[in-house]
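J.: my questions are about this predicted structure, shown below with the sequence.
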Amino acid sequence: MKSMSIAALLFVIFLGALFVYVAEDIPAFGDANSAPNRYVWLFDMDAEGVEDDLNQGNIPASLGDKLEGRGFPLPSGVAKLKEGEWDAVIIPEEKHYYPKEQKYYFIEKKEDKLDVYRYSLYIRFVEEGEHETEVQNMVTYILADYRGYDTLGETTVIFTAGVAVLLLLRRKEKRPE
Amino acid sequence: MNSKDSGMSGGKGGDVVVETVSRLMVPFIQLFALYVIIHGAGGPGGGFQGGVIFASSFILYVIAFGIVKAGNRFSEAKNTVLFSTGVYIYAGVGLLCIICGLAFGAQFLNYGYIPLTHHFEENRALGMDLVEVGIGITVMAVITSIFFNLVWKREGEEVEGED
């Protein structure tokens, strides 16, 4: 019995150490600018001769070919953030409900390479959510609107749990006194 | 049976202080639960939290007045109907979105197409409120049902042991 307790304690300590070790790799919580929260790396390419095009707001042909070859939509414009960093935006066609330009790719120049990133969905939730839904509470609009399917599933899980408990522990007929 | 009439299984002879305080507290807890559900869009809260708070008011009632009286007030039949009503409201709002948005691509759970107001964004906010109400009803009914069933089972086992 005692050896069992010691083994259990060791197991718990091992699990705790494992979680601490894994947690080291998680980026700081709530840091909206940390890379995993902001961008998804797509590919890199030669920066040779494309910088001028980007600065003038055009999509260089080599970049456009590469994006199309991978099945990504072509951006309709480029906005310069600062030296060596650009946002590529997409303006949806007029039938779309939000005909506002959306930040789509983030392009960064590192030495003579051009890194192309895709903005993560998280950015859209944070930046556009409030004026797309007229709700101030970010938790609510993500939970009930953007992730509506997920919440429907959660409610169904709770419903199923309730039915299961009802079937297993249902109270019996009134017993005779 | 009379000797067992204390605490959870009791119906008569409860403590006056406990009964009075919980009789006063229950409506306020329920009001607070409704506030949390309705206020989910503007502050902390939402369907899950509000539903659990609502269920806690029934639990307080059971602790004070006993399971028999509580069971008479909030019968299992009504509870079982409420179970599915919540999920039905949620899925029904989604279906309403499909019906109202037939001309725009018929998207499930895209609340913007429900014609409640003239603004797409405000429709989304109101649709979210409807959905939260559905979640709240389901959570409230399920938590209450689990608690009631556990308490009843315990009592039945004790009686069987006596026999």
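T.: Ah, there it is.
J.: so what does the helix or strand hosting B:Ala77 touch, helix or strand wise?
T.: Using DSSP states H and E, B:Ala77 maps to helix B:76-100. In this structure, helix B:76-100 packs against helix A:148-169, helix B:120-162, with contacts taken as 3 or more CB pairs under 8 Å, 6 or more residues apart in numbering or on different chains; DSSP states H and E. (Glycine included, C-beta is placed from N, CA and C.)
J.: do the longest one and chain A meet?
T.: Yes: residues of helix B:120-162 are located near chain A by CB under 8 Å from any CB of the partner chain, namely B:120-122, B:124-125, B:127-128, B:131-132, B:134-135, B:138-139, B:141-142, B:145-146, B:148-150, B:152-153, B:156, B:159.
J.: so how far is that helix from its chain's centroid?
T.: 5 Å (CA atoms, centre = their mean, to the nearest Å).
J.: show me what that helix is packed up against.
T.: If contacts are counted by 3+ CB pairs under 8 Å, 6+ apart, helix B:120-162 sits against helix A:121-133, helix A:138-141, helix A:148-169, helix B:16-38, helix B:47-65, helix B:67-73, helix B:76-100.
J.: where does pLDDT dip in the chain?
T.: Because you didn't say which chain, this covers chain A. Within chain A, the segments meeting pLDDT under 70 span A:26-37, A:93-100, A:171-177.
J.: nope, chain B
T.: Residues of chain B meeting the criterion pLDDT under 70: B:1-13, B:153-163.
J.: so what's the residue nearest to the spatial centre of it up against?
T.: In chain B, the residue lying closest to the centroid (CA atoms, centre = their mean) is B:Met140, at 2.0 Å. By CB atoms under 8 Å, 6 or more residues apart in numbering or on different chains, the residues touching B:Met140 are B:Ala33, B:Gly50, B:Gly51, B:Val52, B:Phe54, B:Ala55, B:Leu82, B:Gly86.
J.: with B:Tyr61 instead?
T.: Neighbouring residues of B:Tyr61 by CB under 8 Å, 6+ apart: B:Ser22, B:Val26, B:Ala70, B:Arg73.
J.: from B:Gly47, how far off is it?
T.: For B:Tyr61, the distance to B:Gly47 equals 22 Å [CB to CB, to the nearest Å].
J.: what's around whichever residue of chain B sits closest to chain A, how many residues?
T.: Chain A sits closest to B:Val142 of chain B, with a gap of 3.4 Å, by CB to the nearest CB. A count of nearby residues for B:Val142, using other CB atoms under 10 Å in any protein chain shown, gives 26.
J.: which residues does it contact?
T.: By CB under 8 Å, 6+ apart, B:Val142 lies in contact with A:Ile158, A:Phe159, A:Ala161, A:Gly162, B:Phe83.
J.: got the buried residues for stretch A:152-163?
T.: By neighbour count on 16 or more other CB atoms under 10 Å in any protein chain shown, the buried set for stretch A:152-163 is A:Leu152, A:Glu154, A:Thr155, A:Ile158, A:Phe159, A:Gly162.
J.: same for chain B: which of those are within range?
T.: A:Leu152, A:Thr155, A:Ile158, A:Phe159, A:Gly162.
J.: quick check, the third one in contact with B:Thr138.
T.: Yes: A contact is recorded between A:Ile158 and B:Thr138 when judged using CB atoms under 8 Å, the distance being 6.0 Å.
J.: now do the shared contacts for these two.
T.: By CB under 8 Å, 6+ apart, no residue touches both A:Ile158 and B:Thr138.
J.: name the nearest residue to B:Val62, ignoring sequence neighbours.
T.: B:Ala70 (4.5 Å; CB to CB, 6 or more residues apart in numbering or on different chains).
J.: distance of that neighbour from B:Thr85?
T.: To B:Thr85, B:Ala70 is 20 Å away according to CB to CB.
J.: looking at the ones next to chain B among the buried residues of stretch A:152-163, which one is closest to chain B?
T.: Using CB to the nearest CB, these come closest to chain B at A:Gly162, 3.4 Å.
J.: for that closest one, which non-adjacent residue is closest in space?
T.: Spatially, and ignoring its direct neighbours in sequence, A:Gly162 is nearest to B:Val142 (3.4 Å; CB to CB, 6+ apart).
J.: kindly report the same for B:Leu95.
T.: Per CB to CB, 6+ apart, closest to B:Leu95 is B:Phe108, 7.8 Å.
J.: contacting residues around the one you found?
T.: Going by CB under 8 Å, 6+ apart, B:Phe108 touches A:Tyr149, B:Gly94, B:Leu95, B:Cys97, B:Ile98.
J.: the second one contacts A:Ala144, doesn't it?
T.: No: with contact taken as CB under 8 Å, B:Gly94 and A:Ala144 are classed as non-touching, separated by 11.6 Å.
J.: who's more crowded, those two?
T.: For B:Gly94 versus A:Ala144, the count of surrounding residues by other CB under 10 Å is larger for A:Ala144: 31 against 19.
J.: burial measure for the closest residue to B:Val93 other than its chain neighbours, as a count.
T.: Leaving aside its chain neighbours, B:Val93 sits nearest to B:Leu130 (5.1 Å; criterion: CB to CB, 6+ apart). Using other CB under 10 Å, B:Leu130 has 17 other residues around it.
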